[in-house]
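1. from the sequence below, what's the structure:
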Amino acid sequence: MTAKNNPSGGRSKAFAVSFGALMAAAGTAVMLLGALIPVFTYCSPLLASLFLLPVTEICGRRNAVLVWAVTAILVLLIGADKEAAFFYLFFGWYPLAKQEIDGIRRKLLRSLVKVLIFSAAAASMYALTCYVLGIEEIVESFSSAAWVNVMFFAAVVICMMLYDAALRRLEPRIRRLIEKTVRH
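-> As a prediction, the model looks like this:
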């Protein structure tokens with residue numbers, strides 16, 4: 001396979017594995033540090049998912065999916081903040097799917113797809129954590145007033161749309177940084 005056709009840019013599998021392990025460790029560290037400050041429950045998973053961008057660029061999407069999975073498993077096993085771990089599990093993959101979703105030509109349809117994906121991920125995450133796993137802290141955090149829960153889900157979707165906008169600006173910068181440092 002030539003360097004042009006090889007998703008890892010002509011690098012060896014050992015490089016892809018070691019770089020992926022480094023990025024998984026960095027993402028896990030961000031997630032573990034996020035457990036120290038309560039507001040980071042939702043920030044640390046989004047920051048940790050940024051480590052998938054260089055893996056995608058350098059080693060390919062398949063390796064980035066593996067990095068996401070390894071980070072999610074590690075954080076679920078050793079992380080103190082289980083809500084943050086589930087947030088990473090259900091939303092951390094988004095930088096990997098963003099390129100495909102952004103391929104939808106019609107802006108309204110593209111935005112609708114993103115809102116549906118974020119809504120489905122949020123509903124699935126909280127259904128799993130509340131009803132299947134029964135994590136009491138999360139069950140207690142939900143209000144008996146339905147409008148409070150609807151507002152919470154709306155806030156999650158809005159935050160994810162803002163994250164999507166931030167990724168749109170960060171991706172070209174990360175690519176340029178990679179070009180300057182890794183590829184030369």
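2. show me which helix or strand of the protein is least confident by mean pLDDT.
-> Across the helices and strands of the chain, mean confidence by mean pLDDT, DSSP states H and E is lowest for helix 136-141: a mean of 62.
3. counting neighbours, which bits of the helix or strand just after it end up buried?
-> As assigned by DSSP states H and E, the chain's next helix or strand after helix 136-141 is helix 146-181. Buried residues in helix 146-181, counted by 16 or more other C-beta atoms under 10 Å: V156, V157, C159, M160, Y163, D164, L167, E171, I174, I178. C-betas here are computed from N, CA, C, even on glycine.
4. rounded mean pLDDT for helix 146-181, please.
-> Computed over helix 146-181, the mean pLDDT rounds to 88.
5. and that helix, how far out from the chain's middle?
-> How far helix 146-181 lies from its chain's middle: 10 Å, per C-alpha atoms, centre = their mean, to the nearest Å.
6. other SSEs contacting the helix or strand hosting A64?
-> Using DSSP H and E, A64 maps to helix 61-78. Counting contacts by 3 or more C-beta pairs under 8 Å, 6 or more residues apart in numbering; DSSP states H and E, helix 61-78 packs against helix 13-34, helix 40-49, helix 52-59, helix 82-91, helix 94-101.
7. what lies in contact with the second one?
-> Looking back up the chat, that one is helix 40-49. With C-beta atoms under 8 Å, 6 or more residues apart in numbering as the test, helix 40-49 has contacts from 26-28, 30-31, 33-35, 68, 71, 75, 81, 83-84, 87-88, 91-95, 156, 159, 163.
8. just the buried residues of the residues you listed.
-> Buried among these by 16+ other C-beta under 10 Å: 26-28, 30-31, 34-35, 68, 71, 75, 81, 83-84, 87-88, 91-95, 156, 159, 163.
9. so where is the chain shaky, pLDDT-wise?
-> 1-10, 132, 134-145, 183-184 (pLDDT under 70).
10. just tell me which of the helices and strands packed on helix 61-78 ends up closest to F152.
-> Checking these against F152 by C-beta to C-beta gives helix 40-49 as the closest, at 11.1 Å.
11. orientation of that closest one relative to helix 146-181 in degrees?
-> 30 degrees (axes from the mean of the first three to the mean of the last three C-alpha atoms, to 10 degrees).
12. just want the angle from the helix holding A64 to helix 52-59.
-> Using the same axes, to 10 degrees: helix 61-78 against helix 52-59 is 140 degrees.
13. any idea of the angle helix 61-78 forms with helix 94-101?
-> Using the same axes, to 10 degrees: helix 61-78 against helix 94-101 is 150 degrees.
14. what residues of helix 61-78 count as buried?
-> By neighbour count with 16+ other C-beta under 10 Å, helix 61-78 contains the buried residues R61, N63, A64, V65, L66, V67, W68, V70, T71, A72, L74, V75.
15. OK, contacts around the closest residue to the fourth one other than its chain neighbours?
-> Excluding its sequence neighbours, the residue lying closest to V65 (C-beta to C-beta, 6 or more residues apart in numbering) is L96, at 6.1 Å. For L96, the set of contacting residues under the criterion of C-beta under 8 Å, 6+ apart consists of L52, T56, R61, A64, V65, W68.
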